[in-house]
Structures are given as structure tokens and as C-alpha cells.
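J.: Model the following, please.
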Amino acid sequence: MLEVSKETLLDILGSMGVELPSDTTMTTDMLQERLERAIDAAQFIRAITPSNKKKNEIDIGVLPTWSASDDRVQFAVDRTSWQDTFNGLKSLFKGVRDLFDYSAPEGRDAFVSWRYLLNLLGEAYDAGRPGIILVDGETQSAVLIKIHEIRAVNARTPLVVVHFRHAMASTGKGFDFGPYQRPRADIQAHFFVRPAQYLVLRVLEANGKRIPASYAPVDPGLKLSFLLPVGTIVASETGKLAKNNTKDWKAHKRSCRTLDGAAWETFPIDMSGPFSDMPSYPTKFSNRDPIGGVPGSKTTQYGRNPAKVPPMKKASAEPFLLKIQDNNSPWLMIYDRSRELDAFFKREENDLTGKWVELKNLMETKGIKVGLNMKIYCWAKRIGERELSVALDRVPDQDVPW
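T.: Numbers count the residues shown, from 1 in each chain. Next comes the predicted model:
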């Protein structure tokens, strides 16, 4: 198994949208555990594995074989998010057509590489090729991935069963792939830097543990695993993955002390939002959500219940960071980093008190302009089932990992 530095681990997590401070006190083991959770989130594993299933195993043997009539695998493995689309359009307008950022540390491209791997395997399968090889720039590290078969989790989700092996080059002998020494010329090699190989191997090792003993096809010298479609990790997951380390807690306590004597203004929480008169409308929307939702997920993006608000937690009076977004409508979107609170401030409920104008002015002077819209991060406290208190005079640094 490849090893990477703590700095590279942080870059890999950052490539997945999980931004942690470079001087975090989290150990390498803690970061690797965080990476495993991020891997699950990127594969939407909760939408696929039953919650009561031991070790989240996937009984591959009972899944139907993927049919050519379902879709080309190369297209079916894609989980494009709104963010992907927006970023693609921005790159296109700038004349940039490459997925990778060669000016950034190599670990920052690891997640893009994992998603690109799915595309390469889908392309190989559709073309009748048996697999691919990932090779680093120094041709010192390589990963052989052979496609065994493809099963269907559902009509839109292929599960690619693979055998794999990692090898380091032996002087003058090339890569040792055991009994399999690439006798076929139709297994193409692709350039993957070591941080990308590391992430791919972590995925393969983690998924291999989810295969029950009842399903055990053998390819001598290679390990069994599977790959699932991968997409941008949704905001509710990145929020959970990017918090709860010691340094964050210390910084949080320092921030709380700076809020002593702050001018807290109360705002009622509105759960209905601008689409409340429509028969079905988004309850939550994030540009990190996959377009069309998660195939096979039992959760729905529709049917907000205006009477239902997120329950208050113990110690709810503790300040937390609130993101306020102005999309030039009579509602301001509000949500916390975990998206447990996902609601609105409504103009007509705050206009008479002057709070709406005060908040809009604050966004104009200290917020961040995004196209025609504005956003700002503020300290807030939950003071009631339908009320938030916002510190309008203590605006934090706006360079916030979200």
C-alpha cells in the first residue's frame, strides 16, 4: 500500500471538498478515518447499502448483470453536480478544457482523478477492453485494474467488479503484477500521480471489505473489489467531515470569547421559502447536489413541510457559523455548515423593524459578491424553535471553508 504525508492527506481531503487547516492537530490516523468517511459520501454509499446490513455489505451475487440496453457504462458512472456544471462553464469561458490544475499540489487533483478513473473504466468496458493500468510520472508505482463484470444496483447505477494489484517497479524488471504480466496490448496505461493512486487504492481496499464471502470470483495474484459511480460530496456531508477537531474547537472557543458583548438581533426562521405555493419544490438545494438526485435514494428533494423545523439541540445557545445568501428575492437563504438548519429569512417579517435593510447593507459592505448575488457568513445562535439571533456587529473573516 502506498503511503503519503499528512500534508498530502490534507490535500486529498481538500480535493474532495473537505477543507481542514494545514496546522490541524488531527493525527494521520484520524485523517485517514476522515478520508474513509469521505470516500463513502462520494459514492453515496448510504443510498445503496441497507442501514441494518452488517458492515454495510453489498450482496453483489444477487444483483442483476448490467445490460447494454441500460446505458453505456461510461455515461452511467457519471454523477455530475450543479457545481461541476458551473465550474465547467466557467472553465469553458476561460478557454480551459483540462480537468486538472497543474499549478496546485498533486493531492489537490486526487478526487478528479478518481472520478476520471470511472470514466476510463467505463470507456474500456464499452470498447471491450479488459481493464487499465495507472502509472505515475516516474514509472515507479502502478495499479493494475481488471474488470471482472458489471452488475446493476439499479437502472442508473452500475457496480463495476474489479480485480486489482499495486506494484512498485523493481530495478530492470518492471512492475510485478504477479502471474499477470500484461500479455494483452489492449490494456492501456494512464498517467496517475501517486496521491491519486493512493486515493484509488484506499477506495478499492475499503470497498473490498464490503463484499460478502458468498461472492468470491478469483483472479490469481489480484485482490477483489468494486467501484461505484462517484460525485461531488454534498454540503451536509462536507460540513460534518470538516469539523470536530481539536484545533477547530479551540478556535471556536476563542471566537466565542470575541462575541462577548455582541449586538445580537433576532430573526424569525421561515421554512416555506419562495416556492411555497408550488405543489412540489426543493426542500434543500446545494450546488454540490447531483443533477437529478442520487439514483436509488429513498430520500426526496421535494415536499417541504412549512410546519416542520429542525429540532433544537442541547446547548443550542452556542454560537455557530451561519451562511446567508441573497439571490435577489424576498427571501434570504440561511443554512449552517452541516445543512441541518436549511431555511430562510423572509423580507416581510423583518421589513418593519428595519432588520432586513440592516442585514442587506451588511452583506453589501462585508459580504462576498458572487455574480449578481451576495453571501455572508455570520455568527448566529438558535434561541427558539423558529428564531435565530445573529451578531450583526461581529462579522467573522469571510474566508470560510464550507
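J.: was I right about residue 135 contacting residue 193?
T.: No: contact criterion C-beta atoms under 8 Å: residue 135 and residue 193 do not qualify, at 10.0 Å. (Each C-beta comes from the backbone N, C-alpha and C, glycine too.)
J.: Give the residues shared as contacts by the two.
T.: Common contact partners of residue 135 and residue 193 (C-beta atoms under 8 Å, 6 or more residues apart in numbering): none.
J.: which residues sit in contact with the spatially most central residue of the chain?
T.: Centroid-nearest residue in the chain, with C-alpha atoms, centre = their mean: residue 233, separated by 1.5 Å. Contact analysis of residue 233 by C-beta under 8 Å, 6+ apart lists 16, 17, 18, 38, 41, 42, 241, 288.
J.: quick check, it in a strand?
T.: No: under DSSP: H, G, I helix; E, B strand; the rest coil, residue 233 sits outside any strand and is assigned coil.
J.: Backbone torsions only: list them for it.
T.: Torsion angles at residue 233 (phi, psi; degrees, to the nearest 10) stand at phi -70, psi 130.
J.: ok, the closest residue to it other than its chain neighbours - contacts?
T.: Counting by C-beta to C-beta, 6 or more residues apart in numbering, residue 41 is the residue found nearest to residue 233 once chain neighbours are left out, at 4.6 Å. By C-beta under 8 Å, 6+ apart, the residues touching residue 41 are 233, 234, 237, 238, 241.
J.: secondary structure class for residue 41?
T.: helix.
J.: Just the pLDDT at it, thanks.
T.: Reported pLDDT at residue 41 in the predicted model: 92.
J.: just the strands in the stretch 301-402 of the chain please.
T.: Per DSSP state E, counting those that start in this stretch, the stretch 301-402 of the chain carries strands over the ranges 320-326, 331-336, 342-346, 368-370, 373-384, 387-391.
J.: what's the closest of these to residue 64?
T.: Across those, residue 64 has its closest neighbour in strand 342-346 (36.2 Å, C-beta to C-beta).
J.: looking at the sheet around residue 152, what are its partners?
T.: residue 158 (DSSP bridges).
J.: among the contacts of residue 233, which are in helices?
T.: 38, 41, 42, 241 (DSSP state H).
J.: Need the max-distance pair from the residues you listed.
T.: 42 and 241 (10.5 Å).
J.: who's more crowded, the two?
T.: Looking at residue 42 and residue 241 with other C-beta atoms under 10 Å, you find the greater number of neighbours at residue 42, namely 25 against 21.
J.: any idea how far that one lies from residue 203?
T.: 9 Å (C-beta to C-beta, to the nearest Å).
J.: what about the chain, any weak spots by pLDDT?
T.: 50-55, 68-71, 80-103, 170-174, 178-185, 244-257, 272-316, 401-402 (pLDDT under 70).
J.: Quick check: longest helix in it by residues?
T.: Per DSSP H, the chain has its longest helix at helix 110-126.
J.: Name every strand pairing with whichever helix or strand comes after that helix and say which way it goes.
T.: Next helix or strand after helix 110-126 toward the C-terminus (DSSP states H and E): strand 131-135. Strand 131-135 has the following strand partners under DSSP bridges: strand 141-154 (antiparallel), strand 188-191 (parallel).
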